[in-house]
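>>> Provided below for reference: sequence and predicted model.
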Amino acid sequence: MGGRRVSEVMRRGIRSQMKDCVWLICGGIMLCALGAAPSKAEDRIFVPVEIGQGIIFESGLDPYTFSAQLHPCLGFGTDPRKLFVGGSVAATYANPDWKFLWGGRLALHLKTFKKKPVGTGPSLSYATSRLVVDVLMDGSELGRLTGGLVLDIWHGALQITPKAGYDYARERPLVELALGFELFPH
C-alpha cells in the first residue's frame, strides 16, 4: 500500500516537471522567434478558425475527439505571414467530456508554393506551409499540447492541418485532422 502512494507522488512530481519543461521550451521558442523577426508597421492580425476531428489512443472508450478552435494571431516581420504568435480558445470533446480550453499558438513559415507563369509575368503564390505548436490549458493545468503542419491555400481561404499531440487529462496521445479558414483574409 505504501509503495503505491510513493509511486503516485513520484508520478505527479514527474508530470509537474514535464509541464514546467514544456512551458520553458515554448517560452524560449517564442522569445527566439520574436527576436529573429523585425517588427515593422506592416504587422497584421490574422484569425484562423479550425474544426478538427481525430482519435485519442485509449482503450475501453470510444476514442473520438473533436475540437473547434479560434486562434487570434499577430504576424511579425517584413512579411507578416512568416511568423504568427497568438492566443487560442477551444471547445474540445473527448468522449464523454466537453472542455473549454485556452492557451497560445506559434506558427512558423516553412515554404511558399508558386505557380509558374504560362507566358511572361510574375509567378503567383497559391499555398504556404507552416509548422504550428498549440498549447491549450484547462484552467491552470496543461490540457493539450499539439503540433502539426498547416497547408494554407489562397491566403486563408482553406487551411488543412494534420496534428499530433498529447491530452494531459487522459494522459494519452492523440491525432487530429483540422479544416479551417481565416476570418479576415488579407
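Arrived safely.
>>> Which positions within the longest strand belonging to the chain qualify as buried?
Looking across the chain with DSSP state E, the single longest strand is strand 97-115. Using 16 or more other C-beta atoms under 10 Å as the test for burial, strand 97-115 gives 99, 101, 103-109. Glycine gets a C-beta too; all of them are placed from N, C-alpha and C.
>>> Closest one of those to Lys163?
Lys163 lies nearest to Arg105 out of the buried residues of strand 97-115, by C-beta to C-beta, at 11.4 Å.
>>> show me what contacts that closest one?
By C-beta atoms under 8 Å, 6 or more residues apart in numbering, Arg105 lies in contact with 71, 73, 84-88, 132-135.
>>> Swap in 10 Å and give it another go.
By C-beta atoms under 10 Å, 6 or more residues apart in numbering, the contact list for Arg105 reads 48, 69, 71-73, 84-88, 132-136, 146.
>>> And Gly52, by the same measure?
The contact partners of Gly52, by C-beta under 10 Å, 6+ apart, come to 65-69, 90, 92, 146, 148, 161-163, 174-180.
>>> Could you give the number of residues near the closest residue in space to it that isn't next to it in sequence?
Distance criterion C-beta to C-beta, 6 or more residues apart in numbering; nearest residue to Gly52, sequence neighbours excluded, is Ala178 at 3.4 Å. Taking other C-beta atoms under 10 Å as the criterion, the count of residues near Ala178 is 23.
>>> same check, this time on Ala164
14.
>>> what's the angle between the helix or strand it falls within and strand 97-115?
For Ala164, the host element (DSSP states H and E) is strand 158-167. Angle, strand 158-167 to strand 97-115, by axes from the mean of the first three to the mean of the last three C-alpha atoms, to 10 degrees: 140 degrees.
>>> Just the buried positions in strand 158-167, please.
The neighbour-count check on strand 158-167 (16+ other C-beta under 10 Å) flags 159-161, 163, 165-167 as buried.
>>> now for that strand, which elements pack on it?
strand 48-56, strand 64-70, strand 124-138, strand 141-153, strand 172-182 (3 or more C-beta pairs under 10 Å, 6 or more residues apart in numbering; DSSP states H and E).
>>> now these in a markdown table, with distance to Pro80?
A markdown table is the format used below for these (distance: least, C-beta to C-beta, whole Å):
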| stretch | distance to Pro80 |
| --- | --- |
| strand 48-56 | 14 |
| strand 64-70 | 19 |
| strand 124-138 | 12 |
| strand 141-153 | 13 |
| strand 172-182 | 12 |
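>>> ok, of those, where does mean pLDDT dip lowest?
Sorting those by mean pLDDT places strand 124-138 lowest, at a mean of 89.
>>> If the residue positioned nearest the centre of the chain is in a bridge, with which residues?
Centrality entry for the chain: nearest residue to the mean C-alpha point is Asp134, 2.9 Å, by C-alpha atoms, centre = their mean. Under the criterion DSSP bridges, Asp134 forms beta bridges with Arg105, Thr146.
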